[in-house]
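S.K.: give me a model of this one.
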Amino acid sequence: CNASVYCDLSLQEDQLLFVPLLEGTKNPPQKKGSYKVLLPGANKETHSTAPATHGEMGKAVQLQLEGTERDTELPAVQKYGFNEVVSERISLHRRLPEARHPECLGEPYSESLPPASVIICFHNEAWSTLLRTVHSVLDTAPKQHLREVLLVDDLSQHGHLKSVLSEYVSHLSGVRLIRSTRRLGVGGCRSLGAARAEGEVLVDCRLNVFPPFRTRVVSPIIDVIDWQTFQYNATQWPVRGLFDWRLDFHWESNPQLPDKDPHLAVQAFPALGGEVLAIDRHFFQSVGAYDPGLLLWGEEQIELSIRVWSCGGSMEVIPCSRVAHLNQHHQPFHYSDQELHQKDKIRIADTWMDSSLCAPAPITPDNNGILSN
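M.R.: Next up, the predicted model:
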């Protein structure tokens with residue numbers, strides 16, 4: 001999301017990706033240097049104030065369920081990996097508290113940025129979390145920067161994601177729905193969305209870093225929504241993404257950052273979480289996009305990090321941008337997660353690592369196997 005956007009993101013698989021359009025678009029981008037100053041803030045064209053509801057301002061929802069509702073709670077958790085009964089009690093236009101650093105609120109941003117596409121891939125997603133994600137983008141993204149919200153259905157089987165969803169989306173201005181005719185997995189689904197998007201350029205662009213932005217992959221700070229109560233918890237910055245020789249991703253708390261303002265300065269890290277990414281479309285395609293052979297969520301973020309750094313790009317976090325992400329109790333997949341994760345890791349190692357790098361490093365007190373820059 002743009003630094004002036006606040007999204008309540010709660011998808012279970014692929015989440016958000018911002019991409020620009022290839023050459024030949026109907027609306028060419030503005031000339032370089034033709035920028036005005038835009039102070040970050042919520043979308044001015046917001047919906048009317050809704051009455052108080054469960055979970056407002058990120059508060060936890062504690063329900064005293066009885067009868068049939070109580071009987072449906074556990075099956076819903078098993079089906080989706082989170083408490084769907086609680087989620088259905090929360091407004092689709094849920095408001096979250098301001099968690100950005102106060103200095104971020106006065107940061108200037110360009111008013112002349114070309115519009116972006118927000119791609120949301122999903123597979124068998126719950127109705128409430130999918131639509132809450134869509135409306136959080138529509139409610140907070142500045143209209144002048146948002147070309148579209150593109151929903152990509154990765155061969156969902158649930159009935160509510162068929163004609164009912166198509167009918168609902170048809171009434172939302174600026175929202176499109178496309179469907180895959182076969183199961184693509186994380187990388188393939190994101191790549192399909194990138195190929196079909198109509199946006200021209202990415203968000204999260206500072207006035208003084210626009211020229212080199214074309215090779216940067218950026219992410220906001222990822223805040224957490226509890227799977228049981230849907231309580232919003234702001235992540236304590238700084239944290240950075242790392243991966244070890246087993247190709248497992250880790251978050252490191254309180255890393256030592258360069259001598260510049262940690263509350264505002266963009267930080268380059270070895271890897272980013274895969275929940276929310278912003279990437280230039282030309283660069284995305286030039287490095288080969290996502291590997292369509294990676295099936296599970298989790299390994300594609302490591303593969304993309306290696307790919308981008310190896311091809312002259314960078315992986316960065318924008319601390320003045322935040323997105324809340326729903327952490328699941330478990331991944332509701334119907335196949336062997338561990339086996340497929342191992343296959344994904346082997347594929348990454350075979351593709352990007354030579355024989356010396358593939359040799360597991362010994363784990364000692366001085367070498368914990370973490371790769372960092």
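S.K.: for the helix or strand harbouring Ala278, give the mean pLDDT please.
M.R.: Per DSSP states H and E: Ala278 is located in strand 276-279. Average pLDDT, strand 276-279: 83.
S.K.: name the helices or strands packed onto it?
M.R.: strand 15-19, strand 216-225 (3 or more C-beta pairs under 8 Å, 6 or more residues apart in numbering; DSSP states H and E). The C-beta positions use only the backbone N, C-alpha and C, and glycine is treated the same way.
S.K.: considering these, which stretch scores lowest in mean pLDDT?
M.R.: Sorting the helices and strands packed on strand 276-279 by mean pLDDT places strand 15-19 lowest, at a mean of 45.
S.K.: and Leu74, that one's in a helix?
M.R.: Yes. Leu74 sits within a helix when classified using DSSP: H, G, I helix; E, B strand; the rest coil.
S.K.: got a list of what His329 touches?
M.R.: Residues counted as contacts of His329 (C-beta atoms under 8 Å, 6 or more residues apart in numbering) are 77, 81-82, 227-228.
S.K.: same check, this time on Glu300
M.R.: Counting by C-beta under 8 Å, 6+ apart, Glu300 has contacts 186-187, 190, 274, 290-291, 294, 344.
S.K.: farthest pair in those?
M.R.: Arg190 and Asp344 (14.7 Å; C-beta to C-beta).
S.K.: who's more crowded, these two?
M.R.: Using other C-beta atoms under 10 Å, the more surrounded residue of Arg190 and Asp344 is Arg190, with 29 against 25.
S.K.: next one: phi and psi at that one?
M.R.: Dihedral angles of Arg190 (phi, psi; degrees, to the nearest 10) stand at phi -60, psi -40.
S.K.: what's near enough to touch Gln328?
M.R.: 12, 80-82, 227.
S.K.: how far does stretch 135-143 sit from its chain's centre?
M.R.: In terms of C-alpha atoms, centre = their mean, to the nearest Å, the centre of stretch 135-143 is set 15 Å apart from its chain centre.
S.K.: ok, stretch 150-164 next?
M.R.: Chain-centre distance of stretch 150-164: 19 Å, with C-alpha atoms, centre = their mean.
S.K.: what does it contact?
M.R.: Stretch 150-164 is contacted by residues 13-14, 117-125, 127, 130, 134, 165, 169, 175-185, 188-190, 192-193, 196-198 when judged by C-beta under 8 Å, 6+ apart.
S.K.: same deal with stretch 281-294?
M.R.: Defining contact as C-beta under 8 Å, 6+ apart, one finds that stretch 281-294 is touched by 19-22, 184-188, 190-191, 194, 197, 214-215, 300, 303-304, 307-308, 311, 313, 344, 347-348, 351.
S.K.: are any of the contacts of Glu300 buried, and if so which?
M.R.: The neighbour-count criterion (16 or more other C-beta atoms under 10 Å) marks 186-187, 190, 274, 290-291, 294, 344 among the contacts of Glu300 as buried.
S.K.: helices along the stretch 1-150 of the chain, start to end?
M.R.: Taking DSSP state H, counting those that start in this stretch, the helices of the stretch 1-150 of the chain run over residues 67-80, 84-88, 127-140.
S.K.: mind putting these in a markdown table, mean pLDDT included?
M.R.: Listed next are those as a markdown table, based on pLDDT from 0 to 100:
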| stretch | mean pLDDT |
| --- | --- |
| helix 67-80 | 85 |
| helix 84-88 | 91 |
| helix 127-140 | 93 |
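S.K.: so Gly174 makes contact with Val149?
M.R.: Yes. The criterion here is C-beta atoms under 8 Å, and Gly174 meets it with Val149 at 6.2 Å.
S.K.: got any residues that touch both of the two?
M.R.: Common neighbours of Gly174 and Val149 are listed as Leu138 (criterion: C-beta under 8 Å, 6+ apart).
S.K.: the two - which one has more neighbours?
M.R.: Remark: of Gly174 and Val149, Val149 carries more neighbours, 23 against 15, as counted by other C-beta under 10 Å.
S.K.: wait, what's in contact with the residue nearest to Ala99 when sequence neighbours are not counted?
M.R.: Once flanking residues are discounted, Ala99 sits nearest to Ala234: 3.9 Å by C-beta to C-beta, 6 or more residues apart in numbering. When contacts are counted by C-beta under 8 Å, 6+ apart, Ala234 touches 97, 99, 223, 322.
S.K.: which of these fall in strands?
M.R.: Applying DSSP state E to those, the entries found in strands are 223, 322.
S.K.: ChimeraX command to pick out the buried ones of the contacts of Ala234?
M.R.: To isolate the buried members of those in ChimeraX, using 16+ other C-beta under 10 Å:
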select :99,223,322
